[in-house]
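S.K.: Sequence unavailable; structure follows:
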């Protein structure tokens, strides 16, 4: 269904599709900004210095991984606004747009993170050559984690949307 913001007329609604201007989405996007800022600091630090694992880093690693994994699913159920002000709430159109825009990057980045979780952190016994090869691969995968910084392209979009919501008379 579509909702024209200028006239306020909504043709149809889908109960599981969230408006991009809703309070729930605003909170989700705000959490996304904070997680992006955390990634901006911690990914280069962990790649360059490989700090020892502790409870804080492990917890934040899981929080960010779960957040970005859930964000993929959430992106399939959030409407979007066309240039003419029309709010698109049709699940098919939402999915088609997401699959053509952010989905490929999101799935690659989150997939790399899940592979790192599944195959360990790359610490291997120096005596085992097979494990050394696996360790080198996992270290290379850790470097690929820097691809998560590509999400910074979303940061400007999120900050603009948050500012629009704050400036809006409807929020």
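M.R.: Ah, there it is. For clarity, every value in this text was computed on a predicted model and none was experimentally measured.
S.K.: Quick check: residue 37 vs residue 45, distance?
M.R.: According to CB to CB, to the nearest Å, residue 37 and residue 45 sit 13 Å apart. In this view, the C-beta of every residue, glycine as well, is placed from N, C-alpha and C.
S.K.: One more: residue 167?
M.R.: Distance, residue 167 to residue 45, by CB to CB: 34 Å.
S.K.: What of residue 108?
M.R.: Using CB to CB, we find residue 108 at a distance of 22 Å from residue 45.
S.K.: ok, back up a step: residue 167 and residue 45: who's more crowded?
M.R.: More neighbours surround residue 45 than the other of residue 167 and residue 45, with 11 against 8 (other CB atoms under 10 Å).
S.K.: Which neighbouring elements make contact with the helix or strand harbouring residue 109?
M.R.: Assessed by DSSP states H and E, residue 109 sits inside helix 103-119. With contacts taken as 3 or more CB pairs under 8 Å, 6 or more residues apart in numbering; DSSP states H and E, helix 103-119 sits against helix 55-75, helix 129-144.
S.K.: Residue 84 in helix, strand or coil?
M.R.: coil (DSSP: H, G, I helix; E, B strand; the rest coil).
S.K.: Looking at it now. What's its pLDDT?
M.R.: We have a pLDDT of 89 for residue 84.
S.K.: Go ahead and confirm residue 17 touches residue 77.
M.R.: Yes. Here residue 17 reaches residue 77: they are 5.5 Å apart, a contact under CB atoms under 8 Å.
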